[in-house]
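> The sequence and its predicted three-dimensional model are supplied below.
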Amino acid sequence: MSQYVSELAVSLNQADEDQLTQKHFKKISVDLNQGDGENRVFIWYKNGNKSITRIQLTHMEDMQGGLNTANYTKIEKNLNPDKAGKPINLWSFQGPLLSDIPIVEIDVTADPHNEASKFRDGWERMACDLTRVSTGKRVYLWMKRERPTYICEVQATDSFVNDTSLFQNGFIRMDENTNRGTGGAYVFLWYRHTTGYKEAIKDLQVSIKKEEYDSFEQSSFERVTLDLNKGTGADPAYLWFKKEGSDPVQTLSVIIDPNAVALYEAAKVQVIKKNVGKSFNNLCFYR
């Protein structure tokens, strides 16, 4: 039997579940709705010979254009049917590039106690909460790939003009706006994978003060040029990366739950304790 995750689906009710079971899909038994509302929402997957290599999430119309043009497959069912706001949808892609490493397992968590250890076991976490709640339990999708991967390049965008090009060149968008809730620009971070140790990024930092900016600039760090706080009125925040060092960065994500920080740090996740935007929004990475 094939080890690859080849298809994704979403169920919103028992009829959906029965239909997907008949089609030999497997259910991840964590309700995305967490009992809040009429629907029980589950993610399903099927194994096959051709693997999904990238998964994205959209929660606003402008996020969809680049995915459509780059031929991603949209899972039409809304992950957030019982709450107000715009639909939240999953997208998948089966890529041919060297950076497209097959996904062999997926999982869902709704408790930070169950999340932190997954980094150690080689899992990659989607940056955005699947339901985008502001309080209560946050639900995240995790992926495990066929072999170890490292991050070799990071970028940032404040518009959607270059989305298609970035997707076509193998980048993965972190689908959580660093300025969420601030009224600033829609700023998204992007990263690209490699299986090569030497070309991997070895360290990541964020500057929010001039003295930090100067220090990183003098310490062999390179700067991602876009201000992560653009349009918020807050002091500029920049992401910096370094390719010198010994331990390659395997995964990059964001923490918006203050209660998760200590748990992540206990699992040796590097938490950059500098709020990006005007709310609690800390980048984190594992190496």
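Right, received. Where do you want to start? Numbering: from 1, shown residues only.
> Now tell me what touches the helix or strand bottoming out on mean pLDDT in the chain from outside.
Ranked by mean pLDDT, DSSP states H and E, the helix or strand of the chain with the weakest confidence is helix 116-120, at a mean of 87. Identification of contacts with helix 116-120 by Cβ atoms under 8 Å, 6 or more residues apart in numbering yields 107, 109, 125, 142, 250-251, 260, 263-264, 266-269, 286. Glycine gets a C-beta too; all of them are placed from N, C-alpha and C.
> if we go to 6 Å?
Helix 116-120 has contacts (Cβ atoms under 6 Å, 6 or more residues apart in numbering) with 142, 263, 264, 267, 269, 286.
> chain center to stretch 69-83, what's the gap?
Between the centre of stretch 69-83 and the centre of its chain there are 15 Å (Cα atoms, centre = their mean, to the nearest Å).
> Can we start the residue count at 35 from this point?
Yes, from this point I'll number from 35; that puts the last item at stretch 103-117.
> average pLDDT across that stretch?
Mean pLDDT, stretch 103-117: 91.
> buried ones in that stretch?
By 16 or more other Cβ atoms under 10 Å, the buried positions in stretch 103-117 come out as 104, 106, 109, 111, 112, 113, 114, 115.
> cool, stretch 261-275 as well?
261, 262, 263, 264, 266, 268, 271, 272, 273, 274, 275.
> Give the full set of residues in contact with the fourth one.
Right, the one you point to is residue 264. Contacts for residue 264 (Cβ under 6 Å, 6+ apart) come out as 192, 218, 219, 221.
> so where's the protein shaky on pLDDT?
Low-confidence segments of the chain (pLDDT under 70): 35-36, 69-71, 117-119, 167-170, 311-314.
> all helices for it, in order.
Assigned by DSSP state H, the chain shows helices spanning 48-56, 98-103, 150-154, 197-202, 244-251, 295-300.
> Buried ones in the least confident helix or strand of the chain, by neighbour count?
Quick answer for helix 150-154 (16+ other Cβ under 10 Å): 150, 152, 153.
> Equivalent analysis for stretch 129-147, please.
Going by neighbour count (16+ other Cβ under 10 Å), the buried part of stretch 129-147 is 129, 133-144, 146.
> Is it possible to get TSV of the contacts of helix 150-154 that adds distance to residue 59?
Putting the contacts of helix 150-154 into TSV (distance: Cβ to Cβ, whole Å) gives the following:
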residue	distance to residue 59
176	18
297	31
298	31
301	31
303	31
320	30
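> For ChimeraX, write the selection for the buried entries among those.
Per 16+ other Cβ under 10 Å, the buried members of the contacts of helix 150-154 correspond to this ChimeraX selection:
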select :176,297,298,303,320
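> which of the contacts of helix 150-154 sit farthest apart?
With distance counted by Cβ to Cβ, no two of the contacts of helix 150-154 lie farther apart than 176 and 297, which are 15.1 Å apart.
> what's the distance between the closest residue to residue 129 other than its chain neighbours and residue 130?
Leaving aside its chain neighbours, residue 129 sits nearest to residue 87 (4.3 Å; criterion: Cβ to Cβ, 6 or more residues apart in numbering). Separation of residue 87 from residue 130 (Cβ to Cβ, to the nearest Å) stands at 9 Å.
> do residue 263 as well
Distance, residue 263 to residue 130, using Cβ to Cβ: 36 Å.
> ditto for residue 224
Look at residue 224 and residue 130: by Cβ to Cβ, they are 19 Å apart.
> what's the answer for residue 98, then?
Distance, residue 98 to residue 130, by Cβ to Cβ: 22 Å.
> Determine the number of other residues adjacent to residue 166.
Burial of residue 166 is recorded as 20 neighbouring residues (other Cβ atoms under 10 Å).
> now do residue 59
With neighbours defined by other Cβ under 10 Å, the count for residue 59 comes to 19.
> residues in contact with it?
Contacts of residue 59 (Cβ under 6 Å, 6+ apart): 43, 78, 80.
> Now do the contacts for residue 192.
By Cβ under 6 Å, 6+ apart, residue 192 lies in contact with 219, 221, 260, 264.
> From residue 213, how far out is the closest residue in space to it that isn't next to it in sequence?
Leaving aside its chain neighbours, residue 192 sits nearest to residue 219 (4.3 Å; criterion: Cβ to Cβ, 6+ apart). Going from residue 219 to residue 213 by Cβ to Cβ gives 6 Å.
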